[in-house]
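Chemist: prediction below, plus the sequence it came from.
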Amino acid sequence: MLAVFQFDAVSVPRLERLLAAGRLPTLAGLRERGRWLGLETPATHFPAGSYATLYSGADVAEHGMYYAFQWSPQDQRLRWREDFPQPRMVWERVARAGKRTLVIDPYECAEPAAVRGVAVAGFQLANVMSVPRWAAPAAAGEELDRLFGRSRFVNEVFGRPSVRGLLELRRRLLDATARISEGAVHLLRRGTYDLVWVNLLAGHLGGHMFWDLSQFEGQVLDDAARTTLERALDDIYEEMDAAMGRITSEIPGADVIVTSPMGMAANMSRVDLLPGMLEAVLASNGATPAESRAERFLWRLRGAVPTAARAKVATVLQGPLTREVTMRLSSLGVDWSETPVSMLPSDHFGQLRLNLRGRERDGIVDPGDADELLARIRDGLLSFRDPDGTQTIVAVEHTRDVVEAGPFLDMLPDVVVRWNDAPSNAVDRVVSPGHGQVVRPGSGSGRSGAHTPEAWALVVPATLEHAPCESPRLRDVVPTLCAALGVETDGLRGTPLLAA
């Protein structure tokens, strides 16, 4: 048996601190027996794209999954990621080989077309964007609901958080992690599996919201609340470690991989400022910045309407309708006949796409003029500075220059805008000598933590051996599992990290 534990989107420095303090005994024991590998990851440019790579073994341009809402050039609009062709996940390969898999809560992952065993999502918690509820077979989900109750929704709503809301979030994340250990143990005792994949995902949302208390600067917090919130992320990591310990005790002879497709650190994203910056740059070049105004409207709306009120609306609307409203608002009032470049939705790096003639349904930019337009945008965006004089944007990169070729390359954003590493919570405006001042619309996402391209795998063989690996990548995890299980690897370019 092979077991993969996804210690999702956690901070390696924080793990090291807790390991040194003896607070993560399960991970410490596995590290003593295994090998820790840093992995090259798509999260360097497309954090959300790293999940499809982890689950499929394909690179971003090979699977085309880069965000929850993706651009459809033939429709000239955003569509939900599941409206696009889905990559073949490792548990689908395993099923076709006649082997059994247990999968619990894969992140941003569609229900598999084929599975032998049990695959469930939205068990430890449900989220309309990232962990919607599904189960294959459906009876497995119904059984889990009967035994453990229906999972709670933990939906993230951008905007300044409240102390009460974060205290409740902490409780739900800790409960969710205890819940997944109970569910996994139950399913392991009920069946036999060749591959077990468990995503301990509380560290992901917890990292976004409990990295630090920067969102409460200038506010008075009572000592009890401050202490609880300051310790929340450490508490979550400890609970994740305990859950992994309980599950591994049920599968003592398994070869184990603990992995994360990205890391976590202080929130440096200024993506809510980008619509205004892009508008200023386009206006100075004589273009109509209609689309950037639409994105800026969304961020102003988030800042104007209290977070709690928008959370209630999102809960009432539920998944599909919430997603549709968000997609429609993202292009509200856009006149594509005068819009040369659009800002695609993102919660981390900026993502831009040219309205290219011959590629987009309503394209207006001549392909021969694309490089010149991109150069003007790049120069304009790089001219902006934070209030302390630091360059706001450190790179404006053409996707073709940083992503390996693949069949879905033309479906990706054309440009990725990457920020400096300084925390962004205190950045209320940015200024360019040539394009003026852009004031932050509202209070930002409300996150104190954001992703880093710090992917890793702890490979712990029991029946297998370590394989040579000079430059390990995130895409190597799936070939490792396939090779160990004797499953076909058609189309995979990765290298196994374990050998028989």
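Modeler: In hand now; what should we look at?
Chemist: quick check: Glu230 vs Asp223, distance?
Modeler: Separation of Glu230 from Asp223 (CB to CB, to the nearest Å) stands at 10 Å. No exception for glycine: its C-beta is placed from N, CA and C like everyone else's.
Chemist: meant to ask about His45, not that
Modeler: For His45, the distance to Asp223 equals 42 Å [CB to CB].
Chemist: buried residues in the helix or strand where Asp371 lies?
Modeler: Taking DSSP states H and E as the definition, Asp371 sits inside helix 370-382. For helix 370-382, the neighbour count (16 or more other CB atoms under 10 Å) marks Ala370, Leu373, Leu374, Ile377, Arg378, Gly380, Leu381, Leu382 as buried.
Chemist: just those residues now: which is nearest Glu250?
Modeler: Nearest to Glu250 among the buried residues of helix 370-382: Leu381, at 51.5 Å, using CB to CB.
Chemist: and the helices in the stretch 151-300 of the chain?
Modeler: All helices of the stretch 151-300 of the chain, identified by DSSP state H, counting those that start in this stretch, fall at 163-190, 202-210, 223-248, 274-284, 290-304.
Chemist: ranking these by burial, who's on top?
Modeler: Across the helices of the stretch 151-300 of the chain, averaging neighbours per residue (mean count of other CB atoms under 10 Å) puts helix 202-210 on top, at a mean of 26.
Chemist: now that helix, how far from the centre of its chain.
Modeler: 11 Å (CA atoms, centre = their mean, to the nearest Å).
Chemist: so which other helices or strands are in contact with that helix?
Modeler: Packing contacts for helix 202-210, counted by 3 or more CB pairs under 8 Å, 6 or more residues apart in numbering; DSSP states H and E, involve helix 163-190, helix 223-248, strand 263-266, strand 449-452.
Chemist: relative to Gln86, which of those is closest?
Modeler: Shortest distance between Gln86 and these, using CB to CB, is found for strand 449-452: 22.5 Å.
Chemist: list the strands paired with the closest one, with their directions.
Modeler: Within its sheet, and counting by DSSP bridges, strand 449-452 is paired with strand 263-266 (antiparallel).
Chemist: re the thing from before, which residues touch the helix holding Asp371?
Modeler: 277-278, 280-282, 284-285, 340-341, 352, 354, 356, 365, 391, 393, 396, 398, 414-415, 417, 432, 434-435 (CB atoms under 8 Å, 6 or more residues apart in numbering).
Chemist: Val431: neighbouring residues, count only.
Modeler: Neighbour count of Val431, defined by other CB atoms under 10 Å: 16.
Chemist: ok, for it, nearest residue in space, not its chain neighbours?
Modeler: Spatial nearest neighbour of Val431, excluding adjacent residues (CB to CB, 6 or more residues apart in numbering): Gln437 at 4.8 Å.
Chemist: surely that neighbour forms part of a strand?
Modeler: Yes: when classified by DSSP: H, G, I helix; E, B strand; the rest coil, Gln437 is found to be part of a strand.
Chemist: show me the contacts for it.
Modeler: Arg429, Val430, Val431.
Chemist: looking at strand pairing, list the partners for the first one.
Modeler: Right, the one you point to is Arg429. Val439.
Chemist: any idea how far it lies from Val417?
Modeler: Arg429 is 17 Å from Val417, by CB to CB.
Chemist: same question, the second one
Modeler: If you measure Val430 against Val417 using CB to CB, the figure is 12 Å.
Chemist: common neighbours of the two, please.
Modeler: Common neighbours of Val430 and Val417 (criterion: CB under 8 Å, 6+ apart): none identified.
Chemist: from Ala202, how far off is the closest residue to Arg246 other than its chain neighbours?
Modeler: Spatial nearest neighbour of Arg246, chain neighbours left out: Ser181 (4.5 Å); criterion: CB to CB, 6+ apart. Look at Ser181 and Ala202: by CB to CB, they are 11 Å apart.
Chemist: also Val403?
Modeler: Separation of Val403 from Ala202 (CB to CB) stands at 30 Å.
Chemist: which stretches in the stretch 401-500 of the chain count as helices?
Modeler: Remark: helices assigned in the stretch 401-500 of the chain by DSSP H, counting those that start in this stretch are 477-485.
Chemist: shaky segments in it?
Modeler: Along the stretch 401-500 of the chain, no part satisfies pLDDT under 70.
Chemist: try 80 this time
Modeler: The stretch 401-500 of the chain contains residues with pLDDT under 80 at 442-444.
Chemist: what number of residues lie near Val459?
Modeler: Counted with other CB under 10 Å, residues neighbouring Val459 total 25.
Chemist: the one 4 residues further on too?
Modeler: For Thr463, the tally of surrounding residues (other CB under 10 Å) stands at 12.
Chemist: quick one: residues contacting it.
Modeler: Each residue near Thr463 by CB under 8 Å, 6+ apart is listed here: Gly253, Asp255.
Chemist: go with 7 Å
Modeler: Asp255 (CB atoms under 7 Å, 6 or more residues apart in numbering).
Chemist: separation between it and Leu497?
Modeler: 14 Å.
Chemist: neighbours of the closest residue to Val402 other than its chain neighbours, how many?
Modeler: Leaving aside its chain neighbours, Val402 sits nearest to His45 (5.5 Å; criterion: CB to CB, 6+ apart). Neighbourhood size, His45 [other CB under 10 Å]: 23.
Chemist: just to check, His45 is in contact with Val416?
Modeler: Yes: at 4.8 Å, His45 counts as touching Val416 under the criterion of CB atoms under 7 Å.
Chemist: correct me, but Ile351 touches Val416?
Modeler: Quick fix: residue 351 reads Gln, not Ile. Yes: Gln351 is within contact range of Val416, at 6.3 Å (criterion: CB under 7 Å).
Chemist: from the contacts of Gln437, which single one is nearest Thr53?
Modeler: Nearest member of the contacts of Gln437 to Thr53, counting by CB to CB, is Val430, at 32.0 Å.
Chemist: distance check, the closest one against Asp421.
Modeler: Taken as CB to CB, the span from Val430 to Asp421 is 16 Å.
Chemist: then Thr192?
Modeler: Here Thr192 is placed at a distance of 47 Å from Asp421 (CB to CB).
Chemist: and the two? Which one has more around it.
Modeler: Comparing Thr192 with Asp421 by other CB under 10 Å, the one with more neighbours is Asp421, at 13 against 9.
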